[in-house]
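Asks: Predicted model and sequence below, questions to follow.
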Amino acid sequence: MEKNNFFLTLILSLLSIAYVLVDWSIGIINFGDILVLIDAGLVLTIGLLTKTLRIQRNQIIILIGLVLLVVLNIMSNLLINPDFSINESIISLCKVIFYTIAFILLYNFIVINRLEYKFLQIISVVTVIVCFIGIYITLAIYLKGVLPYEFFWNFTRNDVASYIYRGYGSIIRTRSLFSEPAHFGFFLNSVLAIICFNRQNYKISKKVDIIITFSIILTLSYGSILIMFLLKLLHYSNLDNVREIIVNSKKYFPIFLCLLLFLLNMGDSIEGTVFKRTQEIFNGEDSSTDSRIEGSWSYVAEDTIFIGNGIGNTPTIYNNFAYILSDLGLIAFVLYLLFNLILLRLNFKLEMVFLVLNIQKGGYLGVGFWILVFLLIIYNRRLSKE
């Protein structure tokens, strides 16, 4: 029994860590991809040895459907698009096949073994550890060499521009193990949304909530902080949550006081990042926002809108909706919209967060996006009563 529990914990831990290390790589080898490959290999081996490996018919249909969609996209672009690169598309096709098979195996493993609660607990622990690592690194940078931290960034960016705010050398933005603060904020918001809005009645610990929220603020990522406020608004629109805060107001007062003092202490940093950035957006001076909202659509070519530029042939852009339309064309774009509409009906609050996350960070062919979609599918289903 203890041996089985060890392997269950190992598989769930590796998957959680894979979501953290999406920005780590050696050359073209991504750490997240390697961990997902190891995880799927363990699940496949255990399933074959114990004869518990299960793949449903609808999952095979999804796999075949995705492969056919990509193959048709490649063939169409080969015939019509003179600028099409077949090499990039073949690599992307291999990614789609790998991710689909890997996450089908992991999905069935978690569902069959009823590991949904355990997985959320492990994700929470891993996220808190990553938050503390981020806080440690930020303190180490402020202390200018008193504490070592560079080893955390051996496999990702380590340049000064990755953690200071647009030329303000005195403002340090927390990025933890990620390549930039916005990526760290994306990760934290996605985990927080899953923990808060899962359909399986898993309740987030107040301590975990506070640590994650505190870390999101420390990123000083404009988009991440706005998404966090949206998430909190959706979460506390539930009357039960509001009632709990009122009833336990004395217990929460010291926490709110500490948070207020922290925000007041960070007044200059918040003014230089959030308030000035808001002013720039309203004045039309913010290029980052323009690139997310308008610029991402500039790669959509009217003459190839039905087939796109070819999978893997569009540069990485922020907006995943624009990215999919640019790469795969109108059919894939409509299918992705339908997927989001289904999620919206199943879980309005979680899907609202997912929608804005789609605009904050692109990369639908990256392992991080596939892990997020995997989490959405897992935690949008209700646990059976068996």
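Replies: Right, received. Where do you want to start?

Asks: okay, the residue lying closest to Ile204 once chain neighbours are set aside: pLDDT?
Replies: Excluding its sequence neighbours, the residue lying closest to Ile204 (Cβ to Cβ, 6 or more residues apart in numbering) is Ile195, at 4.5 Å. C-beta here means a position set from N, CA and C on the backbone, and glycine is covered the same way. For Ile195, the pLDDT comes out at 95.

Asks: And for the one 10 residues further on?
Replies: The predicted local distance difference test score for Ser205 is 87.

Asks: who touches Trp297 in this structure?
Replies: Under the criterion of Cβ atoms under 8 Å, 6 or more residues apart in numbering, the neighbours of Trp297 are Asn319, Ala322, Leu325, Ser326.

Asks: can you rerun that using 6 Å?
Replies: Ala322 (Cβ atoms under 6 Å, 6 or more residues apart in numbering).

Asks: Then Asn73?
Replies: Applying Cβ under 6 Å, 6+ apart, the residues near Asn73 are Ile311, Leu328.

Asks: again, only this time at 10 Å
Replies: The contact partners of Asn73, taken as Cβ atoms under 10 Å, 6 or more residues apart in numbering, are 84, 89, 92-93, 307-313, 327-329, 331-332.

Asks: In this structure Asp301 contacts Leu330, no?
Replies: Asp isn't right for residue 301; it's Ala. No. Using Cβ atoms under 10 Å, Ala301 is not in contact with Leu330; the gap is 11.7 Å.

Asks: what do the two both touch?
Replies: Counting by Cβ under 10 Å, 6+ apart, the residues touching both Ala301 and Leu330 are Ile307, Gly308.

Asks: got the residue ranges for the helices in the stretch 251-386 of the chain?
Replies: 267-270, 276-282, 287-293, 320-328, 330-346, 348-360, 367-378 (DSSP state H, counting those that start in this stretch).

Asks: Please name whichever of those is nearest to Ser124.
Replies: Closest to Ser124 of those is helix 367-378 (Cβ to Cβ; 12.6 Å).

Asks: So which elements touch that closest one?
Replies: Secondary-structure packing of helix 367-378 (3 or more Cβ pairs under 10 Å, 6 or more residues apart in numbering; DSSP states H and E): helix 2-20, helix 31-50, helix 86-112, helix 116-142, helix 181-197, helix 330-346, helix 348-360.

Asks: After the first one, which helix or strand is next?
Replies: Where DSSP states H and E defines the elements, the next helix or strand beyond helix 2-20 is strand 25-26.

Asks: Counting by contacts, list what that following strand packs against.
Replies: Partner elements for strand 25-26 (3+ Cβ pairs under 10 Å, 6+ apart): helix 31-50.

Asks: buried ones in the helix it packs on?
Replies: Within helix 31-50, the residues scored as buried using 16 or more other Cβ atoms under 10 Å are 31-36, 39-40, 42-44, 46-47.

Asks: can you list those in JSON lines and add pLDDT and distance to Ile80?
Replies: JSON lines is the format used below for those (pLDDT from 0 to 100; distance: Cβ to Cβ, whole Å):
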{"residue": "Phe31", "pLDDT": "97", "distance to Ile80": "37"}
{"residue": "Gly32", "pLDDT": "97", "distance to Ile80": "34"}
{"residue": "Asp33", "pLDDT": "97", "distance to Ile80": "31"}
{"residue": "Ile34", "pLDDT": "97", "distance to Ile80": "36"}
{"residue": "Leu35", "pLDDT": "98", "distance to Ile80": "38"}
{"residue": "Val36", "pLDDT": "98", "distance to Ile80": "34"}
{"residue": "Asp39", "pLDDT": "97", "distance to Ile80": "39"}
{"residue": "Ala40", "pLDDT": "97", "distance to Ile80": "35"}
{"residue": "Leu42", "pLDDT": "95", "distance to Ile80": "43"}
{"residue": "Val43", "pLDDT": "96", "distance to Ile80": "40"}
{"residue": "Leu44", "pLDDT": "95", "distance to Ile80": "38"}
{"residue": "Ile46", "pLDDT": "91", "distance to Ile80": "45"}
{"residue": "Gly47", "pLDDT": "91", "distance to Ile80": "42"}
